[in-house]
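*Asks:* Just to be clear, the model below is a prediction. Sequence and coordinates:
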Amino acid sequence: MFHHASFKYKKLLFVFFWDNVKSTSKFTSIHLCKCLDTVYCAGDLENKSRVSGKKMKECSVWAFGYGSIIWKVDFPTTESCVGYVRGFVRRFYQGSTDHRGTPESPGRVVTLLPTGIEEDKVWGVAYRIPDEEVESVISHLDYREKGGFTRSKTLFFPKDSKVEPFEIIVYVAVEGNVNYLGPAPLDEIARTIAFSRGPSGTNVEYLFNLCKSMRELVPEVKDEHLFTLEAGVRKLLAREEEATQLKQENLKLQNPKA
């Protein structure tokens with residue numbers, strides 16, 4: 001049986017859940033965002049039906065994709081909805097050692113950085129999970145995002161203003177996790193992305209697919225961090241290609257019979 005306790009701090013309501021059967025708490029990792037009216041501990045999926053959205057979104061479970069989940073949906077869904085979350089910015093601050101890099105040479109993937117500024121928005125896609133598959137999908141996503149991401153909840157605002165905001169599950173890599181790389185100069189981040197590769201493919205593929213998806217979904221939205229990195233990576237790759245071609249030409253000149 002799960003119990004909860006709550007307290008208010010600076011107009012925020014923090015809610016914690018625990019299991020009285022086990023000696024250890026269920027909220028060893030908690031994502032506290034200043035931008036949320038209510039903050040839930042990661043792991044509160046046992047109470048699947050407690051969703052704050054109304055009408056068509058009521059009593060359903062939705063997962064928010066703002067990174068690879070946008071273009072690599074490897075779990076069953078019944079519908080999707082383009083929209084955004086408030087009070088966050090998207091940043092390539094999380095290290096990837098199991099997907100887009102290795103433990104020896106981590107790549108970089110996006111996480112949500114809470115700002116507390118309501119005007120800040122991160123656009124993405126919310127996916128509705130079939131009711132009968134909530135448990136298996138959440139288990140799958142927990143494993144997929146195991147490299148430092150914490151499951152939490154926040155409010156999602158559909159692009160279609162006729163649809164009311166509703167609660168979604170979101171995975172966020174919080175500062176201090178084992179793979180967190182944090183901020184760095186954009187040219188340094190671009191270099192890491194340009195030359196990193198992991199079991200799921202190149203870091204470049206991750207960046208370019210994300211940029212392509214955002215342009216298709218919300219062409220009117222300009223994500224400065226995202227698109228500046230894209231431009232930087234393309235320049236690095238172009239220089240690398242030019243250097244390779246020059247090297248090949250020099251080898252031909254040195255060995256004309258080769």
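*Replies:* Here it is on my side, so go on.

*Asks:* for F149, what are its contacts?
*Replies:* Residues in contact with F149 (Cβ atoms under 8 Å, 6 or more residues apart in numbering) are Q94, T111, Y171, V172, A173, N177. Quick note: C-beta positions are derived from backbone N, CA and C, even for glycine.

*Asks:* Mind listing the residues bridging to it?
*Replies:* A173 (DSSP bridges).

*Asks:* what's the spacing between it and A190?
*Replies:* 23 Å (Cβ to Cβ, to the nearest Å).

*Asks:* Repeat that for E104.
*Replies:* For E104 relative to A190 (Cβ to Cβ), the value is 20 Å.

*Asks:* do the same with K153
*Replies:* In terms of Cβ to Cβ, K153 sits 32 Å off from A190.

*Asks:* Test my guess that V137 contacts I129.
*Replies:* Yes: between V137 and I129 there is a contact at 4.8 Å, judged by Cβ atoms under 8 Å.

*Asks:* what sits in contact with each of those two?
*Replies:* Residues touching both V137 and I129 (Cβ under 8 Å, 6+ apart): A63, F75, P76.

*Asks:* Show the contacting residues for the last one.
*Replies:* Spelled out, it's P76. By Cβ under 8 Å, 6+ apart, the residues touching P76 are I129, P130, E133, V137.

*Asks:* cutoff 10 Å now
*Replies:* For P76, the contacting residues are Y127, R128, I129, P130, E132, E133, S136, V137, H140, by Cβ atoms under 10 Å, 6 or more residues apart in numbering.

*Asks:* Just the mean pLDDT for stretch 60-70, thanks.
*Replies:* Rounded to a whole number, the mean pLDDT of stretch 60-70 is 96.

*Asks:* And it, how far out from the chain middle?
*Replies:* Computed by Cα atoms, centre = their mean, to the nearest Å, the separation of stretch 60-70 from the middle of its chain amounts to 8 Å.

*Asks:* again, but for stretch 98-113
*Replies:* In terms of Cα atoms, centre = their mean, the centre of stretch 98-113 is set 12 Å apart from its chain centre.

*Asks:* what's the first-to-last distance across that stretch?
*Replies:* When the termini of stretch 98-113 are compared using Cα to Cα, to the nearest Å, they are 21 Å apart.

*Asks:* Any chance of TSV for the contacts of P76, columns pLDDT, distance to T115 and neighbour count?
*Replies:* Formatted as TSV, the contacts of P76 follow (pLDDT from 0 to 100; distance: Cβ to Cβ, whole Å; neighbours: other Cβ atoms under 10 Å):
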residue	pLDDT	distance to T115	neighbour count
Y127	98	25	23
R128	97	27	19
I129	97	28	22
P130	96	33	14
E132	95	37	8
E133	96	34	16
S136	96	34	13
V137	96	29	19
H140	96	30	14
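
*Asks:* Make a markdown table out of those and add secondary structure and distance to G116.
*Replies:* Shown next, in a markdown table, are the contacts of P76 (DSSP: H, G, I helix; E, B strand; the rest coil; distance: Cβ to Cβ, whole Å):
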| residue | secondary structure | distance to G116 |
| --- | --- | --- |
| Y127 | strand | 27 |
| R128 | strand | 28 |
| I129 | strand | 29 |
| P130 | coil | 34 |
| E132 | helix | 38 |
| E133 | helix | 35 |
| S136 | helix | 35 |
| V137 | helix | 30 |
| H140 | helix | 32 |
